[in-house]
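> The following block contains a protein sequence and its predicted model.
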Amino acid sequence: MAIATANHRDFLFRRLHTLAGVVPVGLFLLEHFFTNATATEGPTAFNNAVNTIQHIPYLHVVEFVFIFLPLIYHGVYGLYVAYTSGYNAQQYTWLRNRMFALQRITGVITFIFIIYHLWTTRFSGQEPNFNFVHNLVSNPINFWIMLIGVVAATFHFSNGLWSFMVHWGITVGPRAQRISAVVMMVFFVILAFVGIDALLAFVHTA
Amino acid sequence: MSVAEQDMNSKKKVVRLLIERQDDPNSSPYTETFDIPWRPGMNIIAALMEIQRNPVNASGEKVRPVAWESNCLEEVCGACTMVINGKPRQACSALLDQLSQPITIKPIRTFPVIRDLVVNRSRMFDALKRVKAWIPIDGTYDLGPGPRMPEADRQWAYELAKCFTCGACVEACPNVNEKTSFIGPFAISQARLFNTHPTGAMHKKDRFEALMGEGGIHECGNSQNCVQVCPKGIPLITSIAAMNRAVDGYAFSSWLGK
Ligand code: HEM
Ligand code: SF4
Ligand code: FES
């Protein structure tokens, strides 16, 4: 038996994974939702917001280093984590164990969704503007896929923040963890609302 | 009903047990049904002893008696942990009258099964060795008395000291499985216990290093099943979160100090 092996590789990978889920991937999610929410102010507001982003200097580098790389790392390693986890929420039905399973299920849904989402938007070869998104989500199939994606991603992020605070020793005692669970579920509802509201704005105001 | 009549009824009462059995470490498991005569105050061990006395299954066939392990019979040795009605717990403190029937009994399969309900828990003891779950006090000369432990710490640390390596938390944890090498919740809690002791704290870093090693603290995914099943009510998730804080801090400072 190896005693106190100096192999810290898994520890490092795992900690990088939880960190990447919040900084930068989680921060990007917030930014993304904020930009989309400008659609509720009308097409001009959204087009202006998109325009601002497109004038970030070295946009491709920023996008690649701060979004793509961390997202791919968190996503691919997350799939591996989801694969190696056991699932026994049917035998042990208490809340946290169900959330444990849901965290992994929504992670996998989000992974599939992000591929679809990048395919239909970023890499569709079309100009990102209000009309383009309007046409996309006016198709009910796309609309429902987007809705599922929004709910899965916001749940995964909110519940992930709860778990993040345990992994980094921020919420240690049971009371702190209970309170943070409530706060994170409120956060989930608000974030999901913002996402769905933006989605509806793209469908209706044209 | 007279007392005598009541007595007669209780004599006739039988309890049905569905036991998951396995003949040897490599054969496949099968379930066998037993009807055993009820006596007041019976626990699962008493029921298994009944089968040992009269190894006849519910179809009336004579079978090999069911093998199990037990020692203390008072929930302190951990030898008799089984999955009873779907939850890992000690057979010696599981009273038949408090269980819904028929009662299902299975071995704790997170460990290698040796025969029937007997498992090999040595993985747990290896994990304790790995995190140095002891306090080194021996020297080549008299080292004198160690530092005193503050009473406030002693009080909560005592709760952690109640762990009897029963394996219930290891069985319930979804991240202890054939795809991972997770040492299990109890070992992290024990590392915290011995890091809290003023003499044990002299080997703090060894325990942090061990927890950062393969199958260490990072394998915890916060399902929190452990704290729900621990028969001693040990605050395992608090221990894990506290050790997360300590290990993350140690990793950072040792990395920056390099
Ligand atoms: C691309 C697909 C994704 C997959 C497959 C995935 C998978 C996972 C898994 C399995 C966990 C649990 C890790 C653990 O408890 O140790 C997790 C945690 C987390 N994920 Fe994701 N994820 C994905 C995308 C995202 C996205 C888009 C975000 C941000 C909005 C995110 C944020 C988080 C956070 C904050 C955690 C908590 C980290 C922790 O427990 O400390 N994930 N993810
Ligand atoms: S922590 Fe509790 S459940 Fe786990 S081995 Fe110790 S006593 Fe058993
Ligand atoms: S026989 Fe010791 S715990 Fe049950």
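Yep, it's here. Ligands and ions are numbered 1, 2, ... in the order given.
> Can you give me the domain boundaries for chain B?
B:3-119, B:122-256 (automatic domain parsing).
> tell me, how many neighbours does the closest residue to residue A:96 other than its chain neighbours end up with?
Once its chain neighbours are removed from consideration, residue A:96 has its nearest residue in residue B:224; the separation is 4.0 Å (Cβ to Cβ, 6 or more residues apart in numbering or on different chains). Yep, even glycine has a C-beta here, placed from its N, CA and C like the rest. Residues near residue B:224, counting by other Cβ atoms under 10 Å in any protein chain shown, number 24.
> follow-up on the earlier one: quick one: closest of the domains of chain B to ligand 2.
domain B:122-256 (3.2 Å; Cβ to the nearest ligand atom).
> from the chain's centre, how far out does the closest one sit?
In terms of Cα atoms, centre = their mean, to the nearest Å, the centre of domain B:122-256 is found 15 Å from the chain centre.
> ok, back up a step: most packed of the domains of chain B?
With neighbours taken as mean count of other Cβ atoms under 10 Å in any protein chain shown, the domains of chain B reach their highest mean count in domain B:122-256, at a mean of 19.
> ok, that one near ligand 3 or not?
No. Shown here: domain B:122-256 not in contact with ligand 3 (Cβ under 6 Å from any ligand atom), separated by at least 6.6 Å.
> Which strand residues bridge residue B:104?
residue B:18 (DSSP bridges).
> correct me, but it touches residue B:84?
Yes. The pair residue B:104 and residue B:84 passes the contact test of Cβ atoms under 8 Å, sitting 7.3 Å apart.
> tell me, what's touching those two both at once?
None of the residues lies in contact with both residue B:104 and residue B:84 under the rule Cβ atoms under 8 Å, 6 or more residues apart in numbering or on different chains.
> tell me the mean pLDDT for the top helix by length along chain B?
As assigned by DSSP state H, the longest helix anywhere in chain B is helix B:236-256. Taken as a whole, helix B:236-256 has a mean pLDDT of 95.
> where does residue A:165 land in three-state SS?
helix (DSSP: H, G, I helix; E, B strand; the rest coil).
> mind listing the strands for chain B?
Counting by DSSP state E, residue ranges of the strands within chain B are B:14-21, B:30-37, B:81-84, B:87-90, B:103-106, B:113-115, B:118-119.
> out of these, which comes closest to residue B:75?
Using Cβ to Cβ as the measure, strand B:87-90 is the one of the strands of chain B that comes nearest residue B:75, at 4.9 Å.
> Averaged pLDDT, that closest one. What do you get?
Rounded mean pLDDT across strand B:87-90 is 98.
> Please name every helix or strand in contact with it.
Strand B:87-90 sits against strand B:81-84, helix B:168-172, helix B:225-229, with contacts defined as 3 or more Cβ pairs under 8 Å, 6 or more residues apart in numbering or on different chains; DSSP states H and E.
> can you redo these as CSV with mean pLDDT?
As requested, the helices and strands packed on strand B:87-90 are exported to CSV (pLDDT from 0 to 100):
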stretch, mean pLDDT
strand B:81-84, 98
helix B:168-172, 98
helix B:225-229, 98
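> wait, does the longest helix of chain B contact chain A?
Yes. Under the criterion of Cβ under 8 Å from any Cβ of the partner chain, helix B:236-256 makes contact with chain A via B:237-238, B:240-246, B:248-249, B:251.
> now, which of those sits nearest residue B:181?
The shortest approach to residue B:181 among these belongs to residue B:240, at 16.8 Å (Cβ to Cβ).
> At which residues are the helices of chain A located?
Assigned by DSSP H, chain A shows helices spanning A:9-22, A:25-37, A:43-54, A:59-63, A:69-84, A:95-120, A:130-138, A:140-167, A:174-204.
> and residue B:210, which of these is closest to it?
Set against residue B:210 and scored by Cβ to Cβ, those come closest in helix A:9-22, at 10.9 Å.
> For residue A:48, give me its contacts.
Taking Cβ under 8 Å, 6+ apart as the criterion, residue A:48 is in contact with residue A:38.
> at 6 Å what do you get?
By Cβ atoms under 6 Å, 6 or more residues apart in numbering or on different chains, the contact set of residue A:48 is empty.
> What of residue A:104?
Residue A:104 touches A:82, A:85, counting by Cβ under 6 Å, 6+ apart.
> In a markdown table: the helices of chain A, plus mean pLDDT and distance to residue B:201.
Supplementary listing: the helices of chain A in a markdown table, determined by pLDDT from 0 to 100; distance: least, Cβ to Cβ, whole Å:
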| stretch | mean pLDDT | distance to residue B:201 |
| --- | --- | --- |
| helix A:9-22 | 97 | 21 |
| helix A:25-37 | 97 | 36 |
| helix A:43-54 | 95 | 51 |
| helix A:59-63 | 95 | 46 |
| helix A:69-84 | 98 | 32 |
| helix A:95-120 | 98 | 31 |
| helix A:130-138 | 95 | 58 |
| helix A:140-167 | 98 | 23 |
| helix A:174-204 | 97 | 24 |
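> Just name the most buried of those.
The densest packing among the helices of chain A, expressed as mean neighbour count by mean count of other Cβ under 10 Å, is seen in helix A:140-167 with a mean of 20.
> report the angle between the axes of it and helix A:95-120?
If you take axes from the mean of the first three to the mean of the last three Cα atoms, to 10 degrees, helix A:140-167 sits at 130 degrees to helix A:95-120.
> who does helix A:140-167 touch, helix- and strand-wise?
In this structure, helix A:140-167 packs against helix A:9-22, helix A:95-120, helix A:130-138, helix A:174-204, with contacts taken as 3 or more Cβ pairs under 6 Å, 6 or more residues apart in numbering or on different chains; DSSP states H and E.
> Now tabulate these in CSV and tack on distance to ligand 3.
Shown next, in CSV, are the helices and strands packed on helix A:140-167 (distance: least, Cβ to the nearest ligand atom, whole Å):
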stretch, distance to ligand 3
helix A:9-22, 33
helix A:95-120, 25
helix A:130-138, 60
helix A:174-204, 26
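> looking at these, which is closest to residue B:137?
Shortest distance between residue B:137 and the helices and strands packed on helix A:140-167, using Cβ to Cβ, is found for helix A:9-22: 29.8 Å.
> related to what we said a few turns ago, relative to residue A:122, which of the domains of chain B is closest?
Distances from residue A:122 to each of the domains of chain B were compared using Cβ to Cβ; the shortest belongs to domain B:122-256, at 31.0 Å.
> So for the closest one, first residue to last residue, what's the gap.
Between the opening and closing residues of domain B:122-256 we find a distance of 37 Å, counting by Cα to Cα, to the nearest Å.
> Likewise for stretch A:18-28?
Stretch A:18-28 has an end-to-end distance of 15 Å (Cα to Cα).
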